[in-house]
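Participant: Following is a predicted model, sequence given first.
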Amino acid sequence: MNLPRRAVSWMIFPFQDLEWSLVRIRDVLLPILPNATLLVQGWLLWPMFMRRILSAWGIIKVTPPKPHLNADVLHCILRELPMQDLHATVLVCRQWAWVTQTSLYSSVSLDTTLKNAPLLARTMSTCPHLRPLVRSLTVMIGADTRDTTLVDWLHLLPEHTICEFKVKQIACQEDFASFIFQSPFLRSVRRFQGEGVFLRKSEHLESCFMLPHVRGISLFLSHRIYEIHTISTPPTLTRLSLILYEYLPTTIRLLSAVGCQLEHLDLDMGNRIMGEDETGELLHALEKYAHRLRHLTLRGLAIPEAPYLDPIGRHIPSLEYLHLGIGTFESTLFDNLPPNLRTLRLEGDYRVDFPLDELEDFILRVGRGESQCRSITIFFVGIHFCDMSSYNDLSEVCHRCGVDFQLQDWLRASQWWDH
């Protein structure tokens, strides 16, 4: 095929605008190609068609287009990655770094004991566009932290962004709670969790119940807070979890203030044995103020002098989940369990008699349709050096009656607040 010299010169010499040059070449080739219409229909666009012809002749080199992902699709993919992979993803390119910011900063964790703590504090202080991305915030204050420099940026976080806030303090002398509770972002928090020695005064405890939108509060009270002056009642609060160093009258005060709206209550009474008057006072408060509970946990490190929770099912008939500690119950518990109870978790000890026969009778009643219980778990002290054959027999009875049964080490019960 003899092409005009003008067309050949346009193909040989480099051209600045490739799309314009391809159009000019098309005008030259149209008179000499008899089936131009069919070729247009097959290749759709003449510029793409001419690119392929010139590439076949070796005049130009056609590179495939770079792969590209829509930002929304890329975000959906990246948010499923674990945090360590997100750190690598942000280094791929500028587009990926921009999309990764939403997932990377949605959950921020500050540990003052780590070397990168100053870098995180400086980043959040100097980059205001990152602060609204935070949805979950965890702060761990180490024992060597003496000032609020590393947590000053908490005051810069905007309202109506953070839904979950967890703080744990190891430093025993410094008061970080008074400083942190002044942060505006706390007004939007839905779930608040304070551990360690973070709460040390009654004002700190009162501040936890002044969060207007909080739905769940989990607190560890290491200090003896005996008096509370004012307790607000957050309208959305339905879950309260308290781990006490020892039983305090403060518990009754809290139940009287917020118990009527609670659906989920966890109480760990600490390592002091409660007296008969204290156990009676607690049981009366549960019946009077927390009668709407569906989820209840009552346990402690100390074994009470006498069981006192056997009638708990009559006092709170709405229970669907019940977890009781070592020595807080005996055989009559199973006669008083509410009919709507679906999950039962009990703690046992080889030094304390466990009502196995009465529990088996209850499981048989479940098999006859007299109860809706579908899950039973026993946390046992001494599971590794005691004869557990009777508990294995109980497992077979549960299997026949359609009840899920688990026997676990008592140390696993330390995770009760996650259930």
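Facilitator: Yep, it's here.
Participant: just for this protein, where's the confidence low?
Facilitator: 1-92, 94-100, 414-419 (pLDDT under 70).
Participant: How is it divided into domains?
Facilitator: Following automatic domain parsing, the chain resolves into domains at 5-56, 67-104, 109-237, 259-268+286-419.
Participant: out of those, which comes closest to residue 250?
Facilitator: Judged by CB to CB, the one of these that comes nearest to residue 250 is domain 109-237, at 5.5 Å. Bear in mind the C-beta positions are built from the backbone N, C-alpha and C, glycine included.
Participant: ends of that closest one, how far apart?
Facilitator: Domain 109-237 has an end-to-end distance of 25 Å (CA to CA, to the nearest Å).
Participant: re earlier: any chance of the domains of the chain in JSON lines, plus mean neighbour count and distance to residue 252?
Facilitator: Shown next, in JSON lines, are these (neighbours: other CB atoms under 10 Å; distance: least, CB to CB, whole Å):
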{"stretch": "domain 5-56", "mean neighbour count": "13", "distance to residue 252": "79"}
{"stretch": "domain 67-104", "mean neighbour count": "13", "distance to residue 252": "42"}
{"stretch": "domain 109-237", "mean neighbour count": "16", "distance to residue 252": "10"}
{"stretch": "domain 259-268+286-419", "mean neighbour count": "17", "distance to residue 252": "9"}
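Participant: In TSV, list these along with distance to residue 276.
Facilitator: Formatted as TSV, those follow (distance: least, CB to CB, whole Å):
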stretch	distance to residue 276
domain 5-56	90
domain 67-104	50
domain 109-237	20
domain 259-268+286-419	7
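Participant: With respect to residue 247, which of those domains lies nearest?
Facilitator: domain 259-268+286-419 (7.7 Å).
Participant: Of the domains of the chain, which is nearest residue 279?
Facilitator: domain 259-268+286-419 (4.2 Å).
Participant: Out of the domains of the chain, which is closest to residue 280?
Facilitator: Going by CB to CB, the one of the domains of the chain nearest residue 280 is domain 259-268+286-419, 7.3 Å.
Participant: how far is the closest one from where the chain is centred?
Facilitator: Put simply, domain 259-268+286-419 sits 26 Å off its chain's centre (CA atoms, centre = their mean, to the nearest Å).
Participant: Just the buried positions in the longest helix anywhere in the chain, please.
Facilitator: Longest helix in the chain, counting residues (DSSP state H): helix 276-289. Across helix 276-289, burial judged by 16 or more other CB atoms under 10 Å covers 278, 279, 281, 282, 283, 285, 286, 289.
Participant: List the contacts of stretch 163-174.
Facilitator: By CB atoms under 8 Å, 6 or more residues apart in numbering, the residues outside stretch 163-174 that reach it are 135-147, 176-177, 180, 185-186, 188-198.
Participant: Of those, which belong to helices?
Facilitator: 177, 180.
Participant: With adjacent residues omitted, what lies nearest to residue 145?
Facilitator: With sequence-adjacent residues excluded and distances taken as CB to CB, 6 or more residues apart in numbering, residue 145 is closest to residue 112, at 4.5 Å.
Participant: swap in residue 281?
Facilitator: Here the residue nearest residue 281, using CB to CB, 6+ apart, is residue 252, at 6.2 Å.
Participant: Next up, identify which helix or strand that neighbour is on.
Facilitator: helix 250-258 (DSSP states H and E).
Participant: Am I right that residue 155 sits in a strand?
Facilitator: No. Per DSSP: H, G, I helix; E, B strand; the rest coil, residue 155 lies outside any strand segment and is helix.
Participant: Check whether it really touches residue 184, as I assumed.
Facilitator: Yes. Counting by CB atoms under 8 Å, residue 155 does reach residue 184; the two are 7.2 Å apart.
Participant: which stretches of the stretch 101-250 of the chain form strands?
Facilitator: Secondary structure of the stretch 101-250 of the chain by DSSP state E, counting those that start in this stretch: the strands cover 107-111, 136-141, 164-169, 191-196, 216-221, 239-244.
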